[in-house]
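Student: Generate a structure from the sequence data that follows.
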Amino acid sequence: MSSTGRGALIVIEGIDRVGKSTLCERLRSTLASNNKNIELMRFPFPNNVTK
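Tutor: Numbers count the residues shown, from 1 in each chain. Here you go, the predicted model:
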C-alpha cells in the first residue's frame, strides 16, 4: 500500500488588483519546481449588480 501523504489547501484572498494571481502563479511555480503536485483553482465572485 502506498502513502500519498497529507495535502494542503492554500487560500489567497484580497481586493481587486493587489496581485493575487501573480502570487498564485509564483507559488505554483515554486511548488512545482520542488516536485510538489499542485492544482490551481479559481472561484471568481459573481458580478451581480443590484438595480
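Student: When you work out contacts or count neighbours from here on, use the C-alpha atoms and nothing else.
Tutor: Fine.
Student: and the closest residue to residue 28 other than its chain neighbours, how many residues sit next to it?
Tutor: Closest residue to residue 28 apart from its sequence neighbours, by Cα to Cα, 6 or more residues apart in numbering: residue 38 at 6.7 Å. For residue 38, the neighbour count with other Cα atoms under 10 Å is 14.
Student: which residues sit in contact with residue 38?
Tutor: Residue 38 makes contacts with 28, 31, 32, as judged by Cα atoms under 8 Å, 6 or more residues apart in numbering.
Student: ok, how many other residues are close to residue 47?
Tutor: 6.
Student: and it, how far is that from residue 34?
Tutor: Per Cα to Cα, to the nearest Å, residue 47 is found 36 Å from residue 34.
Student: One more: residue 12?
Tutor: For residue 12, the distance to residue 34 (Cα to Cα) stands at 20 Å.
Student: which regions of the chain lie under the pLDDT threshold?
Tutor: Across the chain, the ranges flagged by pLDDT under 70 are 1-3, 48-51.
Student: switch the cut-off to 80
Tutor: 1-5, 44-51 (pLDDT under 80).
Student: Run a quick check on residue 14 versus residue 20, I expect a contact.
Tutor: Yes - Residue 14 lies in contact with residue 20 (Cα atoms under 8 Å); the separation is 7.0 Å.
Student: So which of these two has more stuff around it?
Tutor: The residue with more neighbours, out of residue 14 and residue 20, is residue 20; 14 against 8, by other Cα under 10 Å.
Student: can you map out the helices along the chain?
Tutor: If DSSP state H is used as the criterion, the helices of the chain fall at 20-33.
Student: May I have the residues that are in contact with residue 15?
Tutor: Residue 15 makes contact with no residue, according to Cα under 8 Å, 6+ apart.
Student: Now do it against residue 21, distance only.
Tutor: 12 Å.
Student: now residue 36
Tutor: 19 Å.
Student: Equivalent analysis for residue 42, please.
Tutor: 9 Å.
Student: more crowded one of the two?
Tutor: Set side by side, residue 42 and residue 21 show more neighbours around residue 21, with 12 against 9, by other Cα under 10 Å.
Student: Buried residues, stretch 34-51. List them.
Tutor: By neighbour count on 16 or more other Cα atoms under 10 Å, the buried set for stretch 34-51 is empty.
Student: Since that was my last question, I'll sign off now.
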